[in-house]
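**Student:** sequence-free structure coming up:
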């Protein structure tokens, strides 16, 4: 096979910026400008080069969760502010009945403050699971 025939793939970890990345970047720029900071001042505050700050603002480079937290701290902004106005493309996918019941069970279990009641419920679930396992083997 000739090298030019090899399929071209993006390097692992080089995910492309999305519409959300562009939105967050524009919100970083908006907050910076509203508060009279230069791009260089922002870069110094968050410990990156001016070029990197520019790429964040343009949405060319993705901003990691940790970096966004640092930016929010440096600018005195709540992290959620950078996501305000971000359009949601679709509703979250509907959970099937079984995962929904599992989530509900976990939430309800966590809401029980009495450890003895939690232990009793755990033992009951274990007994029911064992009973179901035996029934499955008989079938």
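**Tutor:** That came through, no problem. Quick caveat, the model's predicted, so the values are computed rather than measured. Numbers count the residues shown, from 1 in each chain.
**Student:** Next, the distance between the ends of stretch 55-62.
**Tutor:** With C-alpha to C-alpha, to the nearest Å as the measure, stretch 55-62 spans 8 Å from end to end.
**Student:** Give me the average confidence score over that stretch.
**Tutor:** Mean per-residue pLDDT for stretch 55-62: 91.
**Student:** Return the set of buried residues in stretch 22-29.
**Tutor:** Counting neighbours by 16 or more other C-beta atoms under 10 Å, one finds that the buried residues in stretch 22-29 are 23, 24, 25, 27, 28, 29. Yep, even glycine has a C-beta here, placed from its N, CA and C like the rest.
**Student:** which among these gets closest to residue 88?
**Tutor:** Set against residue 88, the nearest of the buried residues of stretch 22-29 by C-beta to C-beta is residue 23 (11.5 Å).
**Student:** which residue packs closest to that closest one, ignoring adjacent ones?
**Tutor:** In space, and not counting its chain neighbours, residue 23 is closest to residue 86: 4.9 Å by C-beta to C-beta, 6 or more residues apart in numbering.
**Student:** Check residue 89 and give its pLDDT.
**Tutor:** Looking at residue 89, its pLDDT is 64.
**Student:** whoops, I mixed them up, residue 43
**Tutor:** Residue 43 is given a pLDDT of 94.
**Student:** hmm, back to that, please tabulate the buried residues of stretch 22-29 in JSON lines, including the columns secondary structure.
**Tutor:** Below are the buried residues of stretch 22-29 laid out as JSON lines (DSSP: H, G, I helix; E, B strand; the rest coil):
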{"residue": "23", "secondary structure": "helix"}
{"residue": "24", "secondary structure": "helix"}
{"residue": "25", "secondary structure": "helix"}
{"residue": "27", "secondary structure": "helix"}
{"residue": "28", "secondary structure": "helix"}
{"residue": "29", "secondary structure": "helix"}
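**Student:** Spell out which residues make up each domain of this protein.
**Tutor:** 19-83, 97-138 (automatic domain parsing).
**Student:** Go through these and find the least confident stretch.
**Tutor:** When these are compared by mean pLDDT, domain 97-138 comes last with a mean of 84.
**Student:** which of the domains of the chain is buried the deepest?
**Tutor:** domain 19-83 (a mean of 16; mean count of other C-beta atoms under 10 Å).
**Student:** That'll do, ta.
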